[in-house]
Each structure stands twice: as C-alpha cells, then as structure tokens.
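>>> kindly generate the corresponding structure for this input.
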Amino acid sequence: MNYQETLQYLFSQLPMFQRIGESAYKANLDTTIAMDNYFNHPHRNFKTIHVAGTNGKGSVSHMLASVFQASGYKTGLYTSPHMIDFRERIKINGAMIPEEEVVEWVEKHKTIFTELTPSFFEMTVAMALDYFNRQNVDIAIIEVGMGGRLDSTNIISPLFSVITNIGLDHTQFLGSTYATIAREKAGIIKPNTPVIIGEYNEQTFPVFQETAALANAPLTLASDKYVVTKSQPTSDGKLEITVQQSINGTQEKVLLDLIGHYQKKNIVTVLAALEIVTTLFPINFKKALDALKYAANATGLNGRWQVLATQPYVVVDIAHNAQGLSEVVRQISNTTYDNLFMVLGVVSDKDVEAMLKMLPSKAKYYFTQPSIPRAMHVDKLTEIAKLAGFEGEAFSMVGDAIEVALKKAKLTDMVYIGGSAFVVSDALIHWQLRERE
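Take a look at the predicted model:
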C-alpha cells in the first residue's frame, strides 16, 4: 500500500468516532490494554505529560511541547484531531511522522488489527507511543482525545497531569453536569502524581479535590499561582499577555504567536505547569517563556484563531461548543470590521441551540456541513438556526460557502469560519487548493 491507500484503510476499516460518532466509542480500555501488551508498553521507556480538558488542551499541549523543543529535548507530541494531514497527530520536534513510517507500521501490524479490531483512535495512540519509543524521545506531551478515565491515552504514567477546564461537551458519553464530566476527566489523575487544574467552579472543584486526595496527588490550581492583568495584540502579529504572580505580585510579559484572546486562560495553566517542569528538568523559566513566542510555528498548530487573510480579514477557529464559541465571539466583537460574514457548520451530536445563543445577530450567515458522516446536515442546521432567529444561505460544501462569503465581502469586512474542527479542516484544505490556483 502507498500512503493514500493506507489512510483509506485506516479511515474505512477502523471505527472512527470523529467521523461516525457514537458507534465508534468504547466504554472500556480493554482493547487499548491489549494493544499496549502487544507493543510491550512502549510508553514506559520515555517521560510523558498528560493533558485533558474540554477546551484549550490542544493549545496547552503545543505550548508545552514548544518549551521542551526549544530547550533541546527530543519532544514527542500526540494530539487530535488532525486538520489537514493524519500525520499532524504524531510529531517529534514539530515534524510529522513520515508517510513511509505510517505505511510500514500499518503493514507490519495488520494482523493485530484484525484480531483485536481496535478503533481508529486506539490504533493511533498505539502508533504514536510505539513511534516515540523507537525514536527515543526524551519526553512526549500526550493530549487526551475525549474525557480521560476511559480515553485510550490513559495508560501512561506521566510526570504530571493537566486538566485545562470543564465544559458541557460530549455529554452523551461523559455526563450532563459539570461534576460528572469533571469526574471523567479527573480519571487521568494518577497516584502520587501532581495535577494542575486550569479552571474550576463550585461543581468541579470538589471532584478534583476528592480525586487528588484519594490518589495522594499534589493538586495545583493555576489561578492560585497566576492572574492575567492585561492582554493586547502587538504590531508584529503576536499577543502580549501581562501575567502577575499571585504570591509576590511579580509581573511577567508573555508573547504568544497564538493570538486568540482565550489564550489568556491557557497561559495561566501553562505557567503553572512550567513551575513543575523547571523542578524536573534543567529548563530556565525565562527561556521557557521566550519559546512561547513561536509555539504555533514550532509545533505546527493550526485552527486556533488562525488568520488566513487580512483583506478581507479571514479567520478560522475550531471552537465547537458554547463555552468555546463564547470566547471567540468576544474576540470578534473586539475586532474592527465593517460587515461580518459567518461560515458555520457543526456535527450532529452538539448542542446547537446553546451554540447559536452565543453568536452575533448582526452578521450574514452561510450555513454548511463538514465532509464527515457525523456532520449535521446543512438543511437541519439552517432550520434550527431559523427557529433561533438566524437567516442565512445553505451550502453542502464548506468550500462553496467560503467562496460565496469571500465574493460578497469587501476588503474591510471580516469572514469567520468555524463551528466545528471539521469545518476548519475542510476550510484549510480548501484554502491550500485556492492558493495553488
């Protein structure tokens, strides 16, 4: 098989939650453990950091990876989903796993896939951990796929764990309250292993406190360590965040090439994590902060308030639930433009009504659907939106919606593309093709 044939095999033969939804979900770690036994527990041969959370876990994972890369460590990074290329999920020092590595690995281990019938995600985790081991990484940042307790990544024994926040997402699997979802994500807390909590509320804090106490896991609340006092864009396209240490009032200015305003929340979590990192590795805290200036570029992070063009101002962002969209809409409201065009699509298991409540009423909407079976059909989305008071045009393909929006937009207007990571994926692929023409 060549690379494209290998991908077709993976996407068609292995159940993939991100494409088909509930039927690909497994409520146990049996297959993951069996796969781990088959590969002889590769994750035991290198250090790891485990990152969970409803929103922000991808950004936090990439920022931590950028610090280790800049400090000279061979750094693995496992994340999901991918935006353009499957290989984005598995990187070392920002470089994607080679195509031939994917092909050879799948060919070599096809028998175990037939025997164990792993999901796409279970297989991907096994591929990542085995690759990191064979490449002798010094450390790997491992992002949870969904939840935590039953996630396939939850076989590692990390140096410490991070839980960025809790939101009402994937409620059909994780529970319908903040407390029940927190309990699932707290499942990554390991005995005698530090855990950092990025955000919490009165429902989630008791869960984290209880779980950490039972595991004798030192618990750090990032907000007890740092508070953001100011943030502003810079003339060279970065985000400058002023952060104050809660204990002594010392202030630090942090520059990020991740310019979404919601990174104000993530940076507090990252700084709290770096305090632990610098006790475990000879990494200078100031130099670690410098590495964050180039985190997205160094690690190849896409889809987080990513600016594709400036005239008109075109932005994609993977915010895909009410909590995430509320942050995005806040940034849109602080952006200067004449008219706003929204290209919006979702997947079928999201709380669309809650998401729509977050969106600006004074915008022209172009409803669409991502190119995955799990997508909510654009006609259904348009109908729900109409009942919520939003009128707009419907397009079955993301690229078509984008082109019409761009045709209507003036140079002083803004085009926002989002609602789902898979809409952003389609948009980035379309944009690549567009730029080649």
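>>> measure the residue lying farthest from the centre of the chain to Lys286 for me?
What lies farthest from the middle of the chain is Asn248; by CA atoms, centre = their mean that is 32.4 Å. As judged by CB to CB, to the nearest Å, Asn248 and Lys286 stand 16 Å apart. Every C-beta, even on glycine, is put in place using the N, C-alpha and C of the backbone.
>>> name the nearest residue to Thr220, ignoring sequence neighbours.
The spatially closest residue to Thr220, leaving aside those adjacent along the chain, is Ile196, at 4.8 Å (CB to CB, 6 or more residues apart in numbering).
>>> whichever strand or helix holds the one you found pairs with which strands, and in what direction?
Assessed by DSSP states H and E, Ile196 sits inside strand 195-197. Here strand 195-197 has these sheet partners by DSSP bridges: strand 160-163 (parallel), strand 219-221 (parallel).
>>> any idea of the mean pLDDT for that strand?
Throughout strand 195-197, pLDDT has a mean value of 98.
>>> number the residues from 58 up from this point.
With 58 as the first residue, the last one maps to strand 252-254.
>>> residues in contact with that strand?
Contacts with strand 252-254, where a contact means CB atoms under 8 Å, 6 or more residues apart in numbering, come from 217-220, 245-246, 262, 265, 269, 274-279, 326, 329-330, 333.
>>> can you pull the contacts of Glu158?
Tyr188.
>>> tell me the buried residues in whichever strand or helix holds it?
According to DSSP H and E, Glu158 maps onto helix 156-165. For helix 156-165, burial by neighbour count (16 or more other CB atoms under 10 Å) applies to Glu156, Glu158, Val159, Val160, Trp162, Val163.
>>> for the strand or helix carrying Gln61, name the packing helices and strands.
Using DSSP H and E, Gln61 maps to helix 60-70. Contact partners of helix 60-70 among helices and strands, from 3 or more CB pairs under 8 Å, 6 or more residues apart in numbering; DSSP states H and E: helix 156-165, helix 177-191.
>>> distance check, Leu312 against Gly306.
21 Å.
>>> the more surrounded of these two?
Leu312 (16 against 8; other CB atoms under 10 Å).
>>> hmm, that one is touching Thr291, no?
Yes: here Leu312 reaches Thr291: they are 7.0 Å apart, a contact under CB atoms under 8 Å.
>>> residues contacting the residue nearest the centre of the chain?
Nearest to the mean C-alpha position of the chain, by CA atoms, centre = their mean, lies Gly115 at 3.2 Å. Listed by CB under 8 Å, 6+ apart, the contact set of Gly115 reads Thr136, Glu200, Leu358, Arg361, Ile375.
>>> could you rerun that using 10 Å?
Contacts of Gly115 were listed using CB atoms under 10 Å, 6 or more residues apart in numbering, and they are 108, 136-138, 200, 221, 323, 358-361, 375, 478.
>>> for the record, mean pLDDT for the helix or strand encompassing Thr105?
Following DSSP H and E, one finds Thr105 within strand 104-109. For strand 104-109, mean pLDDT rounds to 98.
>>> and the angle from that strand to helix 177-191?
160 degrees (axes from the mean of the first three to the mean of the last three CA atoms, to 10 degrees).
>>> strand 104-109: partners in the sheet, and parallel or antiparallel?
strand 196-200 (parallel), strand 217-220 (parallel).
>>> so which of those strands comes closest to Thr469?
strand 196-200 (37.6 Å; CB to CB).
>>> low pLDDT regions in this protein?
71-83, 225-233, 494 (pLDDT under 70).
>>> got the contact list for the helix or strand hosting Gln301?
Mapping Gln301 onto the secondary structure by DSSP H and E places it in strand 296-302. For strand 296-302, the surrounding residues in contact (CB under 10 Å, 6+ apart) are 282-291, 307-318, 320-321, 323-325, 327-328, 332, 346, 349-350, 362.
>>> mind redoing it with 8 Å?
282-291, 307-318, 320-321, 324-325, 328.
>>> circling back: would TSV of the contacts of Gly115 with neighbour count be doable?
Shown next, in TSV, are the contacts of Gly115 (neighbours: other CB atoms under 10 Å):
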residue	neighbour count
Val108	32
Thr136	24
Ser137	22
Pro138	22
Glu200	24
Thr221	28
Asn323	28
Leu358	24
Asn359	17
Gly360	24
Arg361	22
Ile375	23
Ala478	23
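>>> show me those that map onto helices.
Asn323, Ala478 (DSSP state H).
>>> now, which of the contacts of Gly115 sits nearest Ser123?
Nearest member of the contacts of Gly115 to Ser123, counting by CB to CB, is Leu358, at 8.9 Å.
>>> shouldn't that closest one be in contact with Val117?
No: the pair Leu358 / Val117 is not scored as a contact, 10.8 Å apart, by CB under 8 Å.
>>> quick revisit: if I look at the residue farthest from the centre of the chain, how far off is Glu62?
From Asn305 over to Glu62 (counting by CB to CB), the distance is 58 Å.
>>> now swap in Ala366 and tell me
34 Å.
>>> likewise Ala197?
28 Å.
>>> more neighbours, those two?
Ala197 (29 against 11).
>>> ok, now which ones touch that one?
Here Ala197 is in contact with His100, Phe103, Lys104, Thr105, Ile106, Thr132, Gly133, Leu134, Tyr135, Ala185, Leu186, Phe189 (criterion: CB under 8 Å, 6+ apart).
>>> is Ile441 part of a helix or strand, or is it coil?
Following DSSP: H, G, I helix; E, B strand; the rest coil, we place Ile441 in the helix state.
>>> repeat for Val373
Per three-state DSSP, Val373 ends up strand.
>>> Arg240 now?
Going by three-state DSSP: Arg240 is helix.
>>> burial of it, as a residue count?
So Arg240, with other CB under 10 Å, has 21 neighbours.
>>> next: Ser116.
27.
>>> try Ile154
Ile154, neighbours per other CB under 10 Å, totals 22.
>>> same check on Val194?
21.
>>> got it, and Ile106?
Considering only other CB under 10 Å, Ile106 is surrounded by 25 other residues.
>>> ok, Pro251 - contacts?
Leu216, Phe217, Ser218, Ala274, Pro275, Leu276, Thr277, Ile333.
>>> closest one to Pro339 among the strands paired with strand 104-109?
strand 196-200 (13.0 Å).
>>> circling back: how close does the residue nearest to Thr277 sit to Tyr66?
Using CB to CB, we find Ile253 at a distance of 38 Å from Tyr66.
>>> try Ile106
31 Å.
>>> likewise for Glu200?
Taken as CB to CB, the span from Glu200 to Tyr66 is 24 Å.
>>> got it, and Asn305?
For Asn305 relative to Tyr66 (CB to CB), the value is 56 Å.
>>> count the neighbours of Thr367 for me.
9.
>>> same deal with Asn102?
Neighbours of Asn102 (other CB under 10 Å): 13.
>>> surely it meets Gln192?
No: between Asn102 and Gln192 there is no contact under CB under 8 Å: 10.8 Å.
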